[in-house]
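[1] Got a predicted structure plus its sequence, pasted below:
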Amino acid sequence: MNRIEKLREFVDELLLNKKDVEDRRCGYIHLYGVAFACALIAKKRGANIELAVMAGMLHDLYAYKMKEIMQVEEIEDHARDGAIYAREVLNKLNLTTADETNAICTAIHNHSNKGGKFSELDEILIDADVIQHCFYNPLFPIAPREEERFEKLLIEFGMSHT
């Protein structure tokens, strides 16, 4: 069984059923962009690529699921609520062991905290989220809370800021 493809079917189903086309587009771009960046970072760091991709696909799924139902202010703590929802999804689909589920959900819970130092998977997801935000449109200004981490990522990947 290819666990990533099983999870992709679930994510696609949720996004395809969104009424707001712009929200659907943003969901695909962001979730799969972060998942792709997770794969690259995990490969470079010698980490578990499969779990990293799954964390990337799930990390903001709750926010996209709830956006049409709740006001933005109500989903402010999307990382905490997203971790709870990711656990429900992983348990429903029976894709991961308890330890894998815990690792993925902890990474999702911590992904909004761009400072500090976390577990390997947490760091991969946080860094992938920053990469997707910063490279979605490289002409947009970088959020101040992401500047330092983005600079470190550019160095890690042997890139200059210009």
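    Cool, the structure landed. Numbering: from 1, shown residues only.
[2] ranges for the helices of this protein?
    Along the chain, the stretches classed as helices by DSSP state H are 3-16, 21-45, 49-58, 61-66, 78-93, 98-110, 120-136, 144-156.
[3] who touches stretch 140-153?
    Stretch 140-153 is contacted by residues 114-115, 126-127, 130-131, 133-134, 161 when judged by C-beta atoms under 8 Å, 6 or more residues apart in numbering. In this view, the C-beta of every residue, glycine as well, is placed from N, C-alpha and C.
[4] Out of these, which one has the lowest pLDDT?
    Among the contacts of stretch 140-153, H161 has the lowest pLDDT, at 68.
[5] Give the residue spans of the chain that score low on pLDDT.
    Low-confidence segments of the chain (pLDDT under 70): 68-76, 161-162.
[6] nearest residue to C26 other than its sequence neighbours?
    Spatial nearest neighbour of C26, excluding adjacent residues (C-beta to C-beta, 6 or more residues apart in numbering): Y64 at 7.7 Å.
[7] if we can go back for a sec, any of the contacts of stretch 140-153 buried? List them.
    114, 126-127, 130-131, 133-134 (16 or more other C-beta atoms under 10 Å).
[8] Take the residues you listed and write them to CSV, including distance to G82.
    Shown next, in CSV, are the buried ones among the contacts of stretch 140-153 (distance: C-beta to C-beta, whole Å):
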residue, distance to G82
K114, 16
I126, 13
D127, 17
V130, 17
I131, 19
H133, 16
C134, 21
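[9] mind listing what's buried in stretch 88-96?
    Going by neighbour count (16+ other C-beta under 10 Å), the buried part of stretch 88-96 is 89-90, 95-96.
[10] Tell me which two of the residues you listed sit farthest apart.
    For the buried residues of stretch 88-96, the farthest-apart pair by C-beta to C-beta is V89 and T96; their separation is 10.0 Å.
[11] can you tell me how far R8 sits from E120?
    Distance of R8 to E120, computed by C-beta to C-beta, to the nearest Å: 23 Å.
[12] Closest one to A42 out of the contacts of stretch 140-153, please.
    Using C-beta to C-beta, the contacts of stretch 140-153 come closest to A42 at D127, 10.0 Å.
[13] end-to-end on stretch 109-124?
    Using C-alpha to C-alpha, to the nearest Å, the end-to-end distance of stretch 109-124 comes to 13 Å.
[14] Cool, thanks, talk later.
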